[in-house]
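# Pasted the sequence and its predicted model underneath.
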Amino acid sequence: EAQLKFPTRPIRIVVPFSPGGGTDTVARIISQKMGESWGQAMVIENRTGAGGTIGTALVAKATPDGHTLLVSSSAFAINAAMDRDLPYDPLKDFSGVTRIGYSKSMLVVTPTIGVRTLKDFMEYARARPGKIFFSSGGAGSSTHLNAERFRLAAGIKPVHVAFKGSADATLEVVAGRCHYVVTGLISTLS
């Protein structure tokens with residue numbers, strides 16, 4: 001029996017986070033090489049919301065023919081561990097293909113407060129309990145959980161402000177509307 005050539009049409013790559021974040025950036029880099037190798041267009045579709053759950057659910061409901069892929073992050077495992085009512089089964093509805101890479105996190109502080117070292121920032125934040133805001137790529141996201149780990153280690157009492165993705169969260173820090181974010185290196189380089 002003859003096998004059909006794969007892929008037979010453009011590949012849809014769903015990124016469940018906003019454009020410009022680390023996961024989106026990596027998806028765009030690898031999709032270009034995949035498209036060249038497979039001779040098909042790779043279409044990135046950002047479907048944000050609910051810490052990655054909305055885009056992930058979209059992929060779970062797609063026809064399982066290999067033409068719809070999910071590029072996610074640790075949010076996939078975080079959501080599975082934290083939410084018992086996901087609109088998909090993370091074990092039954094997906095087949096893992098490969099690990100693309102991993103990201104290092106970094107603390108980014110707004111320049112508007114004038115601190116230059118981690119020690120200075122921690123002193124600044126400790127002196128202002130409830131008045132320091134940290135942004136994240138959404139409640140329960142890796143940026144949120146990493147910032148919570150930092151909060152506990154630093155002994156500070158900030159207020160969490162959730163956004164649709166790490167790029168949005170980082171922009172709020174650069175603009176000075178939030179004081180800090182703990183996010184992946186890829187989304188902060190630019």
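Thanks, I have the structure now.
# Identify, by residue count, the longest helix of the chain.
When secondary structure is assigned using DSSP state H, the longest helix within the chain turns out to be helix 22-38.
# Run through the neighbouring helices and strands of that helix.
Contacts of helix 22-38 with other secondary structure elements, assessed using 3 or more Cβ pairs under 8 Å, 6 or more residues apart in numbering; DSSP states H and E, are made with strand 11-15, strand 42-46, helix 185-189. Quick note: C-beta positions are derived from backbone N, CA and C, even for glycine.
# orientation of the first one relative to helix 22-38 in degrees?
Pointing back at strand 11-15 there. Orientation note: strand 11-15 sits at an angle of 170 degrees relative to helix 22-38 (axes from the mean of the first three to the mean of the last three Cα atoms, to 10 degrees).
# same deal with the second one?
Between the axes of strand 42-46 and helix 22-38, defined by the same axes, to 10 degrees, the angle is 160 degrees.
# Highest mean neighbour count out of the helices and strands packed on helix 22-38?
Among the helices and strands packed on helix 22-38, strand 11-15 has the highest mean neighbour count (mean count of other Cβ atoms under 10 Å), at a mean of 22.
# Identify the residues contacting Gly51.
75, 78-79, 137-141 (Cβ atoms under 8 Å, 6 or more residues apart in numbering).
# Of these, which belong to helices?
Checking the contacts of Gly51 against DSSP H, those in helices are 75, 78-79.
# From the chain's centroid, how far away is the helix or strand bottoming out on mean pLDDT in the chain?
Of all the helices and strands that make up the chain, the one with the lowest confidence by mean pLDDT, DSSP states H and E is helix 185-189; it has a mean of 78. Averaging C-alpha coordinates over helix 185-189 and over its chain gives two centres that are 11 Å apart (Cα atoms, centre = their mean, to the nearest Å).
# Check which helices and strands that helix sits against.
helix 22-38, strand 105-109, helix 166-174.
# Good, wrapping up.
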